[in-house]
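# The following comprises the amino acid sequence and a computationally predicted model.
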Amino acid sequence: MSRARRVSSISTLIVVALMAAATVRAQTPAAEDRGYVQAVAESAFGNVTSQSYGAEAGFTVKPNLQVFGSFGHIGNVATDNLSTAAQSIAGALSQLQLGTVSFSVKEPATFFVGGVRYRFPVTSVLKPYVSGGLGVASASKDTKFFINGTDASSTIPQYATLGSDVSGDESALMFTFGGGVVWPAWRQLILDFHYLYGHISTDAPINVSRAGVGIGVRF
Amino acid sequence: MLKVRSCFAATAAVCIVGAACSKSSNPTQPSTTAAASADGAAATASVTVPRAVSPAAGVTIRNTDQPVTLVVANAVVTQSAAATYTFEVSTDSAFSSKAYSKTGVAAGASGQTSLTIDKIPAGTNYYWHARAEGGGTVGPFSAARPFTIGPAIVIDSATLVSPISGAGTGARPTFTVTNATHSGPAGPITYKFEIASSSAFSPVVVTGTVNEGVSRTTYTPNTDLPPETTLYWRVTASDVANGVSGPTTLPATFVTSFAIDLKKVVYLNSPDVSAWPQTAVLSLVEQDGGGDGPVCMSYTDPGWPDSPWPFGGPDPNFGVYANQWYFARINGTWYGGAGEWIYRGASSCKAGQGTKTIGPDSGFGPPFSSWVPKVGELVGFMVSSVARNGPVKRTVDERSNVIVQPWRDTTLGSASVGRAK
């Protein structure tokens, strides 16, 4: 699937999710707020640690229930499988030529998830919630080999054919669940402290946890 | 599998999400052959190039050493996928003119994979390479590695000349063949002579390899052949450099009827000379028991040193340098001993033994001392450096060959022969 097609699919998904949320909202009684939008910054913990950022919007469909859609980018979700495969190839390259071989692996992922957020009915200022979502993620394996410290991308083809275990893009189903608390910091401004566990069903399944904060407004 | 099930489930529930599930796409070096794991969606493996091991680059392989075995160090195939190999041999480095190709060669278990290819035309330069595939990915070919198959050389059989057809010989006959013809750019041709006591050539008594002569090649053993034995000999011509041999000739027979095994001689008043090096060549023995005595032995003088004569005389520097030898088979046993002294400046003919008996003058003792040869009876003759036991000291311990011939006595009917002196 081409990148354009994937973007199209994701865009379609966003639209459909938002339309679905709006439809649900139209059929439910008015809530204490109608929804929120926020920007999110997180630390991502998986096989490696990286950063994640994105945006999220939610709409209240019932007093304690919101639907949301979020998208973001995680800097690196590389798995052990990727590292192990790259290590094997690097070892072989060391046998095939005289230079010193090193390598780097990175697998950034972009995702969109739509889901529901249940807000616990509490009277405190902090509003705890749990959420779960389903969506898609696109992970891109970025493996580089270096010979004597120089990027050997142009010479690799004479030594190895890289399979999809160490190269290429892959889109797959993603689900998340987690929770957090929302703190109405000032007027409509809110801070959302949260933790989310995510699973991406790629060939080599990716598990990544994100902990971070969102800053946004409620309306 | 989880991914597929999840995608299908999600597609049923949220079709768009399902539609967004996609498999890659753009491996950096894609050349995969549609993947193949059980779930049909697993990642394809990465495959490195196998490392060529042998033949070494630029090596020349003798045509006779075909078939050639190609060996590579196994490639790395990630995901623990099973690998198979493709080997190609071509006359050009672009592999547009393949002389041999085989795919699906199972990976060797010892870290190397080898393939013995069919025979390919001789006298040609080739290139070979190999690649691995596994886990849905075809790896790159190794760099083209050149090698050469040496020229085709054909060597025919030599032709036995002599001795053949049961001919009688001495202990060290000279074997002669007409050179084998050959075609192709042959190197130096050598001839392997094998002499055996059976037509199966087991065991082989003597083997010798000599360089090719001009039109004919000869070989003379440097040890005595067993006496009075029917022997077989055959020859194989070879180009050792190119590893080519012609067919071995059919065997021919000869009989060492006039030979004495010096190792089995009973030596009388003389040392065992069987191990003495043969440095003189005895070429003629003239003897007539009916005459006045001389036994004349013609031989090449290798320059054996004099041994002082201890029995006095007019010249205090007088010395002797050799002895005549006689061998007789008495009651089935060969006896031998050193007889007459020979000194330089004198004739090679000695009268002391040339009578009806040959033993009395040399102190041999029985049974030589009373032995009376019969006409036609085989008698052996030899010369050596000073050998006879006694006060005359031995010198270099060297000898000639032995000539065995029938005892002659013209007074008893033997044909008259010329005598050297």
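Structure received.
# which stretch of helix or strand covers residue A:89?
helix A:80-96 (DSSP states H and E).
# Quickly check: that helix near chain B or not.
Yes. Counting by Cβ under 8 Å from any Cβ of the partner chain, chain B has neighbours in helix A:80-96: A:84-85, A:88-89, A:91-93, A:95-96. (C-beta placed from N, C-alpha, C; glycine too.)
# avg pLDDT for that helix?
Helix A:80-96 shows a mean pLDDT of 91.
# How about residues contacting the helix or strand just after it?
Using DSSP H and E, the helix or strand that follows helix A:80-96 towards the C-terminus is strand A:101-106. Among residues not part of strand A:101-106, those counted as contacts by Cβ atoms under 8 Å, 6 or more residues apart in numbering or on different chains are A:75-76, A:78, A:82-83, A:86-87, A:89-91, A:93-94, A:141-147, A:149, A:152, A:166.
# partners of strand A:101-106 in the sheet?
Take DSSP bridges as the rule and strand A:101-106 pairs in its sheet with strand A:127-147 (antiparallel).
# The strand it pairs with relative to helix A:80-96, how many degrees between them?
10 degrees (axes from the mean of the first three to the mean of the last three Cα atoms, to 10 degrees).
# what about strand A:127-147, distance to the chain center?
Distance, stretch centre to chain centre, for strand A:127-147: 3 Å (Cα atoms, centre = their mean, to the nearest Å).
# which parts of it are buried?
A:127, A:129, A:131-143, A:145-147 (16 or more other Cβ atoms under 10 Å in any protein chain shown).
# before we move on, what about stretch A:183-202?
A:183, A:190-192, A:194, A:196-202.
# Report how many residues lie close to residue B:183.
Residue B:183: 10 surrounding residues under other Cβ atoms under 10 Å in any protein chain shown.
# With residue B:253 as the reference, measure out to the closest residue to it other than its chain neighbours.
Once flanking residues are discounted, residue B:183 sits nearest to residue B:154: 4.8 Å by Cβ to Cβ, 6 or more residues apart in numbering or on different chains. Separation of residue B:154 from residue B:253 (Cβ to Cβ, to the nearest Å): 29 Å.
# same question, residue B:372
35 Å.
# ok, now residue A:53?
101 Å.
# So which residues of the stretch 1-150 of chain B form strands?
With strands called from DSSP state E, counting those that start in this stretch, the stretch 1-150 of chain B shows them at B:47-48, B:51-54, B:59-61, B:69-73, B:83-90, B:98-106, B:112-116, B:124-134, B:137-138, B:145-149.
# Ok, chain A next?
Taking DSSP state E as the criterion, chain A carries its strands at A:35-45, A:49-62, A:65-74, A:101-106, A:109-119, A:127-147, A:150-151, A:160-161, A:168-186, A:189-200, A:206-218.
# Give me the contacts around the first one.
This points to strand A:35-45. In contact with strand A:35-45 (Cβ under 8 Å, 6+ apart) are residues A:49-60, A:66, A:70, A:72, A:74-77, A:182, A:190, A:192, A:196, A:208-219.
# related to what we said a few turns ago, out of the residues of helix A:80-96 next to chain B, which end up buried?
A:84-85, A:88-89, A:92-93, A:96.
# of those residues, closest to residue A:108?
Using Cβ to Cβ, residue A:85 is the member of these that lies nearest residue A:108, at 17.6 Å.
# Quick check: closest non-adjacent residue to that closest one.
Counting by Cβ to Cβ, 6+ apart, the residue nearest residue A:85 is residue B:78, at 4.1 Å.
# mind checking pLDDT for residue B:13?
39.
# For whatever residue of the stretch 101-250 of chain B ends up closest to chain A, name its beta-bridge partners.
Of all residues in the stretch 101-250 of chain B, residue B:137 sits closest to chain A, at 4.4 Å by Cβ to the nearest Cβ. Beta-bridge partners recorded for residue B:137 (DSSP bridges): residue B:32, residue B:134.
# Cross-check the contact I'm expecting between it and residue A:167.
No. With contacts counted by Cβ atoms under 8 Å, residue B:137 stays clear of residue A:167, the gap being 10.6 Å.
# And these two? Which one has more around it.
For residue B:137 versus residue A:167, neighbours defined as other Cβ under 10 Å are more numerous around residue B:137 (31 against 26).
# The residue nearest to residue B:159 when sequence neighbours are not counted - how many residues pack around it?
Of all residues not flanking residue B:159 in the chain, residue B:178 sits nearest, at 4.1 Å (Cβ to Cβ, 6+ apart). Using other Cβ under 10 Å, residue B:178 has 12 neighbouring residues.
# Could I get the buried ones among the residues of helix A:80-96 next to chain B in CSV, plus columns for distance to residue B:192?
Formatted as CSV, these follow (distance: Cβ to Cβ, whole Å):
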residue, distance to residue B:192
A:84, 60
A:85, 59
A:88, 54
A:89, 54
A:92, 49
A:93, 51
A:96, 46
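# May I have the phi/psi pair for residue B:412?
When read as degrees, to the nearest 10, the backbone of residue B:412 gives phi -110, psi 20.
# where in chain A is pLDDT low?
Residue ranges of chain A with pLDDT under 70: A:1-32.
# try it again with 90
A:1-33, A:46-47, A:63, A:80-81, A:95-98, A:153-154, A:187, A:203-204 (pLDDT under 90).
# Go ahead and flag the most central residue of it.
residue A:111 (4.5 Å; Cα atoms, centre = their mean).
# Contact partners for that one?
Residue A:111 neighbours (Cβ under 8 Å, 6+ apart): A:54, A:71-74, A:135-138, A:174, A:198, A:200.
# again, 10 Å this time
A:10, A:52, A:54, A:70-74, A:77, A:133, A:135-139, A:171-172, A:174, A:176, A:198, A:200, A:208 (Cβ atoms under 10 Å, 6 or more residues apart in numbering or on different chains).
# Same question for residue B:209.
Counting by Cβ under 10 Å, 6+ apart, the residues that residue B:209 touches are B:190-194, B:219, B:236, B:238, B:240.
# From those, list the buried ones, please.
For those, buried by 16+ other Cβ under 10 Å: B:190-194, B:219, B:236, B:238.
# Tell me the one of those residues nearest residue B:383?
Nearest to residue B:383 among these, with distances taken as Cβ to Cβ, is residue B:219, at 24.8 Å.
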